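In: Turn this into a model:
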Amino acid sequence: AIRINTGHLDHLTQRVVKGGDTLAIVHIYAEPPNYDWLPDDDEGTACVDDAARAAVFHLRRYRATGDTYHRDAARHLLAFVRYMQDDSGLFYNFVWTDALDINVDHPNSLADQLNWWTARAVWALGEGVQVLGDENAEEAALNRAALHRAVVHVDTLLERFGEYKQVDGRRMPAWLMYETAADATSELLLGLVAWDAAEGTPQSAHRIDQLAQGLAEMRMGSVGEDLRGAHLSYETTWHAWGSSMGQALGQTSRWPSAQAEADAFFPWLIGSGWAHSFPASNPDSIRRFEQIAYGVRPVVGSLAGVFDRTDDDDYAHLAGLAASWLTGNNPAALPMYNSATGMGYDGISLRDGQIYRSANSGAESTIEALLALHFIQSMPQAWPFALAQPASDPSETGRTFQVDGTAWHLALDAPTNSFSLTSR
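Out: Below is the predicted model of the structure:
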């Protein structure tokens, strides 16, 4: 059995009173045997990256369950996210200690451009506006104000709409974050879509459409190529972590691009044993490790979105197979999520020819595992497949899985960029 257990996330979360307000931070790292909080000498103890993701999880659970525990957890996390916003509208990332002293020196903490942690902050704040609405008018106004300060930088980015750049002979949109970063842009877009769903304007719809066009143009195969149909993550590389392009596009008018990826790429990814990355110039040059929960959740979320659009059970089943990476259907053949404790383990790597599962359980892995399971819980058809076990070796053409005592075969048809999933 598998269940959503917030025990370890609760352990990593600490409420802090600052200036009369209650904020919440999420400690970045935890290691066995005691899984005590473990600060990093260069980064600090907590960050916007993890607080924002945790807020998204709690907001989605509150919307699904009505449990006010999740609402209150999200409110305190959003307060921390807002605390980390600079006057410019951008965000710092790390704090050194629970005194909330901001790390203004680490390159992954600077409020100097539209970056990953600003994108995640927008994601969390956008979902906060959508889910919490005006339950607390004062907090709602603060969330909206923070979004308005941040979105100025999105509009500056989109001044380059329609510009392209050549990378390794490939024409690529240059109006995404870091010019071609579809991965970071996808998490930004998730926040803008949530905000638009609550308080949409013609300007916000236009903004979303321009970003979505850029993401869709990053899909391999969209210009006559036959390269599995994945959306490239950055420049001419696909990597697993943070590549939420399909999840974001599934919420826009460009959702057929997400479905095309779901038809061709994700079945290959699941059937071939997952991957860390590969270059578009040589998609057969596949790096398999490290594998992390942050590479699995985007696939599960994307497939859940396509299922919502199509009501086709095959996508729910495929989402379940993707989530089964968490329950042991992975190269380590070990669970990467522990239902009894709520721990998400930090990854699977290859060391000296041996496949190794980390016993560490930090914030990112735990939150991403919980988010993936949240998607699965919304699709009853997916749950049995989330406990699937492999019944054949990984392959480029298909793989068989045992699902609740029945063999299911995932077959891949490269010429048509399609898949089938049938019981035997």
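In: secondary structure element for residue 296?
Out: Residue 296 belongs to helix 293-310 when elements are defined using DSSP states H and E.
In: Who are the packing partners of that helix?
Out: The helices and strands touching helix 293-310, judged by 3 or more C-beta pairs under 8 Å, 6 or more residues apart in numbering; DSSP states H and E, are helix 245-249, helix 255-271, helix 313-323, helix 363-377. In this view, the C-beta of every residue, glycine as well, is placed from N, C-alpha and C.
In: which residues sit against the second one?
Out: By C-beta atoms under 8 Å, 6 or more residues apart in numbering, the surrounding residues in contact with helix 255-271 are 215-216, 219, 221-222, 228-231, 245-247, 249-250, 275, 299, 302-303, 305-306, 309-310, 315, 318, 321-322, 394-399, 410, 412, 417-419.
In: quick one: the helix holding residue 296 to helix 363-377, angle?
Out: If you take axes from the mean of the first three to the mean of the last three C-alpha atoms, to 10 degrees, helix 293-310 sits at 20 degrees to helix 363-377.
In: What are the buried residues along helix 293-310?
Out: Of the residues in helix 293-310, those scored as buried under the neighbour-count criterion (16 or more other C-beta atoms under 10 Å) are 293-307, 309.
In: Kindly calculate the angle that it makes with helix 255-271.
Out: Helix 293-310 and helix 255-271 are oriented at 130 degrees to each other (the same axes, to 10 degrees).
In: Work out the gap between stretch 102-109 and the centre of the chain.
Out: Centroid separation for stretch 102-109 versus its chain: 23 Å, with C-alpha atoms, centre = their mean, to the nearest Å.
In: Can you check the distance spanned by that stretch, start to finish?
Out: 9 Å (C-alpha to C-alpha, to the nearest Å).
In: Okay, buried residues for it please.
Out: Buried residues in stretch 102-109, counting neighbours by 16+ other C-beta under 10 Å, are found at 102-103, 106, 109.
In: mind listing the strands for the stretch 151-300 of the chain?
Out: 164-167, 170-173, 237-239, 277-279 (DSSP state E, counting those that start in this stretch).
In: What are the contacting residues of the first one?
Out: Pointing back at strand 164-167 there. Residues lying outside strand 164-167 but in contact with it, judged by C-beta under 8 Å, 6+ apart, are 171-174, 179-180, 235-236.
In: Swap in 10 Å and give it another go.
Out: Contacting residues not belonging to strand 164-167 are listed as 170-175, 179-180, 214, 217, 232, 234-237, 280 [C-beta atoms under 10 Å, 6 or more residues apart in numbering].
In: do stretch 411-424 as well
Out: Surrounding stretch 411-424, the residues in contact under the criterion C-beta under 10 Å, 6+ apart are 221, 226, 228-229, 260-268, 270-272, 313-315, 317-318, 321, 385, 391, 395-401, 403, 406-410.
In: Of those, keep whichever come out buried.
Out: Judged by neighbour count, with 16+ other C-beta under 10 Å as the criterion, the buried members of the contacts of stretch 411-424 are 221, 228-229, 260-268, 270-272, 314-315, 317-318, 321, 385, 398-401, 403, 408-410.
In: For the residue lying closest to residue 323 once chain neighbours are set aside, give me its contacts.
Out: With C-beta to C-beta, 6 or more residues apart in numbering as the measure, residue 386 is the residue that lies nearest to residue 323, at 4.3 Å, once sequence neighbours are left out. Shown in contact with residue 386 (C-beta under 10 Å, 6+ apart): 2, 300, 317, 319-327, 329, 372-373, 375-377, 379, 403.
In: What is the nearest of the contacts of strand 164-167 to residue 288?
Out: Distances from residue 288 to the contacts of strand 164-167, taken as C-beta to C-beta, are shortest for residue 237 (14.9 Å).
In: what's across from the closest one in the sheet?
Out: For residue 237, the beta-bridge assignment (DSSP bridges) gives partners residue 234, residue 279.
In: from memory it sits against residue 277, does it?
Out: Yes. With contact defined as C-beta atoms under 10 Å, residue 237 and residue 277 form a contacting pair (6.0 Å).
In: roughly how far apart are residue 167 and residue 93?
Out: Using C-beta to C-beta, to the nearest Å, one obtains 27 Å as the distance from residue 167 to residue 93.
In: Of these two, which one has the most company?
Out: Neighbours were counted for residue 167 and for residue 93 using other C-beta atoms under 10 Å; residue 93 has more, 28 against 17.
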